[in-house]
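> Just a sequence and a predicted model for now, questions to come.
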Amino acid sequence: MSSEYRCVIMENIKSRVDFLRGKIDIHSEPDKGTIINIELNTDGKG
């Protein structure tokens, strides 16, 4: 998968999280991997 394609995917995810009024945190380290934490409000209040 090209890095350009991965970038498009991440922008799509960020856009959806923003639309749902959520929070996204991305932590990445070379040779260790990436942690993506997404928090969404589930009580219907934004």
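Looks like it came in fine.

> Tell me the helices and strands packed up against the least confident helix or strand in the chain by mean pLDDT.
Within the chain, no helix or strand scores below helix 3-19, which has a mean of 90 by mean pLDDT, DSSP states H and E. For helix 3-19, the packing partners by 3 or more CB pairs under 8 Å, 6 or more residues apart in numbering; DSSP states H and E come out as strand 23-29, strand 33-39. Heads up, the C-betas are built off the backbone N, CA and C, glycines and all.

> by contact count, what packs against the last one?
Read it as strand 33-39. By 3+ CB pairs under 8 Å, 6+ apart, strand 33-39 packs against helix 3-19, strand 23-29.

> Mind putting the ones you listed into CSV with mean neighbour count and distance to residue 43?
Shown next, in CSV, are these (neighbours: other CB atoms under 10 Å; distance: least, CB to CB, whole Å):
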stretch, mean neighbour count, distance to residue 43
helix 3-19, 11, 17
strand 23-29, 11, 15
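
> In CSV, list these along with distance to residue 37.
What follows is the helices and strands packed on strand 33-39, written out as CSV (distance: least, CB to CB, whole Å):
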stretch, distance to residue 37
helix 3-19, 10
strand 23-29, 4
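
> Of the ones you listed, which is nearest residue 36?
strand 23-29 (5.3 Å; CB to CB).
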